[in-house]
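A.B. asks: sharing a model that was predicted from the sequence below.
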Amino acid sequence: MKVTEVNSKGLEHTYKIVVPSSEIQERIEAKLQGLGGSVNVPGFRKGKVPLTLLKQRYGNTVNTEVLEDVIKETSMKAFQEKGLIPATQPSIKVDLFSPEQDLEYTVTVETLPEIEDFDLKGLNLEKLTVPISEDKVEESLLALAERNKKPVPLKKARSSKKGDHLLIDFVGSLDGKVFEGGTAKDFPIEIGSGNLIPGFEDQLVGAKKGDKVTVEVTFPKEYGEKSLAGKGAAFDVTVKEVSEMSSHEVNDEFASALGYKDLKKLREDVKAQMGKDLDHLSRSHLKRKILDKLSETYDIEVPATMADAEFKNIWDEFSNLAKEDDAFKKEMKEKGEKKLKDEYRSIAERRVKLGLVLADIGKKNKIDVSQNELQQALMEHVRQYPGQEQEIFDKIKDNPRALASLQAPLFEEKVIDYLIKNAKLKEREVEVAELTKELSEDPLSGFSEE
């Protein structure tokens, strides 16, 4: 085999590779002879079929298989000899091939960059923490009570207002005809909750118990039921009850209604959950600082094909969100497509760069994801699909790409854990508003490494 470098630019390398015809011929004949021992040819016993006849019948197929095998083996051997690690699938162009002549082909490959060694032990990092005071726990309990309001009958009849709870019957019609699914009895609503079609709840403000109200609305264009989407409808509504929403008192009775033994147990659980939530925020902030530090420390060229693929994933996701989410629509309108693409391309390049750096750190420090850890992640994933657990499990367990998508975040977190463990951490207490503000102001929020 002869390897000649044709071009080298950055991470992209092109080589001309020549494989002697004798080696090609030897492989073809060996494969044909092996085939002759297994195929049935009328008039010949297995293993006794003449080579010339095998060539006539199976020559083209065998030639193609040998060509693929030789190219795969020789190109990988060439990369190993040059000390190159392909970043993506190499591009192959066959220049000359016939069993009687030398095989000549050109291979172009984009390689992974060389990553310099840095002493990452003892990184100076600041960890933001939020102390949990009893006042904050009390605030959370009051907020919990507010979220679990209950309807209380009015002591004195009055007109309904925003925030009230109504019990209604209704019959919906399109062009005077009652439509399927548009009728309900004893239907509970909270005025102002926004749970019903836009405009429905607002038209019940001022209604009293026993009133009959005709509510006219237009179904949203993106409404799930296509036969109703974008159409105007009228609902004949009977108001059967008007109640006001009242927060629970934070006491043992409230705790019992939520399934706790008493208020003390509820308070302990709320405090513990607050701790978990704040720890998660603190770690997210610390992880971002570590990734920023790594991005500043490592100056490497990013493989263009990997960056392009990552950018496509990000842009496709953004484009889909921009069709439905007003915040993304606004961002697209204000910044314009070109500026947004430039921003997200930078994010894509950062993602790829950090992925390569984290992989290198993990490899050099013998960090990996065990089969047991991967199995646990798989089980946690399938539990998100009640009733479909076995189906989802079977789809993923034999799918290398799906398993890799579960393994990647586990590996990343283990590398981050390693860096935190070996860092010089300085803790600083802050209010939760400061911690969340720093995270929300991050220029990479939205499509970040989180």
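C.D. replies: Yes, it's here. Note that the structure is a prediction, hence the values are computed from the model and not measured.

A.B. asks: domains in this protein, as residue ranges please.
C.D. replies: 2-110, 150-246, 255-440 (automatic domain parsing).

A.B. asks: may I see those domains arranged in JSON lines, with mean neighbour count as well?
C.D. replies: C-beta: built from backbone N, CA, C; applies to glycine. Shown next, in JSON lines, are the domains of the chain (neighbours: other CB atoms under 10 Å):
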{"stretch": "domain 2-110", "mean neighbour count": "14"}
{"stretch": "domain 150-246", "mean neighbour count": "14"}
{"stretch": "domain 255-440", "mean neighbour count": "15"}
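
A.B. asks: closest to residue 140 out of these?
C.D. replies: domain 255-440 (5.2 Å; CB to CB).

A.B. asks: show me the contacts for residue 29.
C.D. replies: residue 51 (CB atoms under 8 Å, 6 or more residues apart in numbering).

A.B. asks: again with residue 300
C.D. replies: Contacts of residue 300 by CB under 8 Å, 6+ apart are 113-115, 353, 356-357.

A.B. asks: biggest separation within these, which pair?
C.D. replies: 114 and 353, at 13.5 Å, using CB to CB across the contacts of residue 300.

A.B. asks: surely residue 297 touches residue 117?
C.D. replies: No - checked against CB atoms under 8 Å, the pair residue 297 and residue 117 is beyond contact range at 11.1 Å.

A.B. asks: ok, now how distant is residue 191 from residue 106?
C.D. replies: The gap separating residue 191 from residue 106 is 72 Å, by CB to CB, to the nearest Å.

A.B. asks: residue 403 sits in which helix or strand?
C.D. replies: Assigned by DSSP states H and E, residue 403 belongs to helix 400-421.

A.B. asks: actually residue 13, sorry about that
C.D. replies: Assessed by DSSP H and E, residue 13 sits inside strand 12-19.

A.B. asks: how far off centre is that strand?
C.D. replies: From the chain centre to the centre of strand 12-19 is a distance of 37 Å (CA atoms, centre = their mean, to the nearest Å).

A.B. asks: tell me the strands beside that strand, with direction?
C.D. replies: strand 2-9 (antiparallel), strand 101-110 (antiparallel) (DSSP bridges).

A.B. asks: tell me the mean pLDDT for the shortest one?
C.D. replies: Within the predicted structure, the mean pLDDT of strand 2-9 is 92.

A.B. asks: which other residues reach that strand?
C.D. replies: 13-18, 78, 81-82, 106, 108.

A.B. asks: try it again at 10 Å.
C.D. replies: The contact list for strand 2-9 (CB atoms under 10 Å, 6 or more residues apart in numbering) reads 13-20, 74-75, 77-79, 81-82, 102, 104, 106-108.

A.B. asks: so which elements touch the host helix or strand of residue 168?
C.D. replies: For residue 168, the element it lies in under DSSP H and E is strand 164-174. Applying 3 or more CB pairs under 10 Å, 6 or more residues apart in numbering; DSSP states H and E, one finds that strand 164-174 makes contact with strand 150-153, strand 177-190, strand 212-218, strand 232-246.

A.B. asks: please export the C-alpha coordinates of the third one as PDB.
C.D. replies: Presented in PDB, the C-alpha positions along strand 212-218 are these (Å, rounded to 0.1, in the frame of the first residue of the first chain):
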ATOM      1  CA  LYS A 212     -78.200  32.000  31.200                       C
ATOM      2  CA  VAL A 213     -75.500  33.500  29.100                       C
ATOM      3  CA  THR A 214     -74.700  33.100  25.400                       C
ATOM      4  CA  VAL A 215     -70.900  33.100  25.000                       C
ATOM      5  CA  GLU A 216     -69.600  33.700  21.500                       C
ATOM      6  CA  VAL A 217     -66.000  32.700  20.700                       C
ATOM      7  CA  THR A 218     -63.700  31.800  17.800                       C
END
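
A.B. asks: strand 164-174 and that strand, what's the angle between them?
C.D. replies: Per axes from the mean of the first three to the mean of the last three CA atoms, to 10 degrees, the angle that strand 212-218 makes with strand 164-174 is 70 degrees.

A.B. asks: rewinding a little: can you list residues touching both of residue 114 and residue 353?
C.D. replies: With CB under 10 Å, 6+ apart, residue 114 and residue 353 have common neighbours 300-301.

A.B. asks: of the contacts of residue 300, closest to residue 136?
C.D. replies: residue 357 (37.6 Å).

A.B. asks: need the contact list for that closest one.
C.D. replies: 113, 115, 118, 120, 291, 294-295, 297-298, 300, 415.

A.B. asks: got a list of what the nearest residue to residue 123 once chain neighbours are set aside touches?
C.D. replies: Among residues not flanking residue 123 along the chain, residue 423 sits closest, at 4.3 Å (CB to CB, 6 or more residues apart in numbering). Residue 423 makes contact with 120-125, 127, 286, 289-290, 293 under the criterion CB under 10 Å, 6+ apart.

A.B. asks: same thing but at 7 Å, please
C.D. replies: 122-123, 125 (CB atoms under 7 Å, 6 or more residues apart in numbering).

A.B. asks: just among these, which is most surrounded?
C.D. replies: residue 123 (18 neighbours; other CB atoms under 10 Å).

A.B. asks: my guess is that one meets residue 293, correct?
C.D. replies: Yes - counting by CB atoms under 7 Å, residue 123 touches residue 293, with 6.3 Å between them.

A.B. asks: mind showing which ranges of the chain have poor pLDDT?
C.D. replies: 36-40, 42-43, 45-48, 441-450 (pLDDT under 70).

A.B. asks: identify the residue nearest the geometric centre of it.
C.D. replies: residue 405 (8.7 Å; CA atoms, centre = their mean).
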